[in-house]
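Novice: no sequence for this one, just the structure:
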């Protein structure tokens, strides 16, 4: 082979390598353009979903507000029906928010949760205004007679007070007692537990909402709640809950065994720990059906701490209960 052939082959080899590099560079540009296109489309879809959520959420919120304002000019029966309708819409709006958390920003999520909390408060206030509690007169009974005739599972009278509305049931101002509400007693009502110390509480059935206030060293087990559970000033306690939403304030050294559709929220809390729900009872499936909760969806460990905004750094205010330390025996 003479020198001319050698030079020709080298030139062909060099041209092939240049062509190969050009093809690789072109392919890289095509793939980069495709990635940018997909990212832009994804962002566009997220924006469209966000706009749809905002529009639908605000429309439903305004509808609930209109229902609440209309109660002021209604008689008691009509007001009760309207408040029931508003409560149902509130549950649906909470479910809509829970189903949308995957594409909402943290800011949008917090704004929506704050709006729902405001609606819950307005609903409770309107129920108190439109359906005031009846006034009771005390009969002359000795404390011994009253204690002997009253089982621990009785619903507290309005004189025992501190309920969020005329239709609430629950227990107040109890110490060192075992307290139970049956499904028939609860019947999708609002439930209030307040000022309880060293008590064991069992709530069966499906409450509409549950409020826990000023709870100390208690064990509280609650059947599936179709709406929200609100916890305030709870310490040294164990809670087992099934619910759409959980908001916990001013709580310390408390374990929460949880099945929740949304994301649990804590605020002004310390030493709160979470585990998946491990409590069960014979009629749980029936109560779940009444509540509408999804037994296959549980965000028990997706906790949002409103006092901890450091992205990428875990909040020091809550932990997960180690598997070896989780409670499994709930017998009285």
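Specialist: Sure thing, it's come through. Because the structure is predicted, anything quoted here is derived from the model rather than measured.

Novice: Apart from its neighbours in sequence, what residue is nearest the most centrally placed residue in the chain?
Specialist: The centroid of the chain falls nearest to residue 245 when counting by CA atoms, centre = their mean (1.3 Å). Closest residue to residue 245 apart from its sequence neighbours, by CB to CB, 6 or more residues apart in numbering: residue 228 at 4.2 Å. From N, CA and C alone the C-beta is placed, and that goes for glycine too.

Novice: Roughly how far does residue 308 sit from residue 239?
Specialist: The gap separating residue 308 from residue 239 is 21 Å, by CB to CB, to the nearest Å.

Novice: Between those two, which has more neighbouring residues?
Specialist: residue 239 (26 against 16; other CB atoms under 10 Å).

Novice: ok, now which ones touch the more buried one?
Specialist: 212, 219-222, 231, 254-258 (CB atoms under 8 Å, 6 or more residues apart in numbering).

Novice: repeat that with 10 Å
Specialist: 201, 210, 212, 215, 218-222, 229, 231, 246, 248, 251, 254-258, 272, 279 (CB atoms under 10 Å, 6 or more residues apart in numbering).

Novice: And residue 119, by the same measure?
Specialist: With CB under 10 Å, 6+ apart, residue 119 has these contacts: 60-61, 64-65, 68, 86, 89-90, 93-94.

Novice: The residue nearest to residue 245 touches residue 242, doesn't it?
Specialist: No: Residue 228 lies out of contact with residue 242 (CB atoms under 10 Å); the separation is 12.0 Å.

Novice: which of the two has more neighbours?
Specialist: Between residue 228 and residue 242, counted using other CB under 10 Å, the more crowded position is residue 242 (27 against 22).

Novice: And the more buried one, how close does it get to residue 288?
Specialist: Counting by CB to CB, the separation of residue 242 from residue 288 is 7 Å.

Novice: what's the overlap in contacts for the two?
Specialist: In contact with both residue 242 and residue 288: 206, 223-224, 259, 295, using CB under 10 Å, 6+ apart.

Novice: Most neighbours among those, please name it.
Specialist: The most crowded member of the shared contacts of residue 242 and residue 288, judged by other CB under 10 Å, is residue 223 (28 neighbours).

Novice: contacting residues around that one?
Specialist: 181, 183, 186, 191, 202-207, 210, 240-243, 279, 281, 283-284, 286-288, 290-291.
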